[in-house]
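Engineer: Please work out how this folds:
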Amino acid sequence: MASDKPFGIDPEDFERALREAGVEIGGLIGKAGEIIDRAGVNSLAGLLGQFVQPERGRATKVEEETTGETGSGVWAIYSLDEAGVALVEQVFPSELEALRAHRDNTDVRRRVRFLPYGVPVTALDGN
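Structural biologist: The predicted structure follows:
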């Protein structure tokens, strides 16, 4: 084996292959640039948008928050009598506490609901 061809490739062949590859890559980049120029800026933005997702703003609420969403009220455990009138048994500051107190309930007339401040207990009536 000759000392200038350790892998069976002549150094001139290797340089020639790299030059030809460089010319081909340059031609492809030039063609891509022409296509993008003809398509316009919107196409470039569309092309890049496939790979990079734009940051989306948070949706703004059109409606105001309700009392239940702000937490201004109590959670009530109540039962309905035969006439459908609500009788409040206990009130709790959080839903979790009310549901824990209500978890062993077997009475179908006993329920848990959020009662906003300022709303009368008659709103819970079954009528």
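
Engineer: Low-confidence ranges, the protein, go.
Structural biologist: Low-confidence segments of the chain (pLDDT under 70): 1-7, 36-71, 127.

Engineer: biggest helix in it, by residue count?
Structural biologist: Ranked by residue count and defined by DSSP state H, the top helix of the chain is helix 11-39.

Engineer: where exactly do the helices run in this structure?
Structural biologist: Counting by DSSP H, the helices of the chain are 11-39, 41-49, 67-70, 95-102.

Engineer: neighbours of residue 117, just the number please.
Structural biologist: Neighbour count for residue 117, taken as other Cβ atoms under 10 Å: 8. Using the backbone N, CA and C atoms, a C-beta is placed for each residue, glycine as well.

Engineer: From residue 94, how far off is it?
Structural biologist: 15 Å (Cβ to Cβ, to the nearest Å).

Engineer: cool, residue 114 as well?
Structural biologist: Computed as Cβ to Cβ, the residue 114 to residue 94 distance reads 10 Å.

Engineer: which of those two has more neighbours?
Structural biologist: Ranked by neighbour count (other Cβ under 10 Å), residue 114 and residue 94 place residue 114 first, with 16 against 11.

Engineer: residues in contact with the more buried one?
Structural biologist: Under the criterion of Cβ atoms under 8 Å, 6 or more residues apart in numbering, the neighbours of residue 114 are 68, 73, 74, 75, 76, 95.
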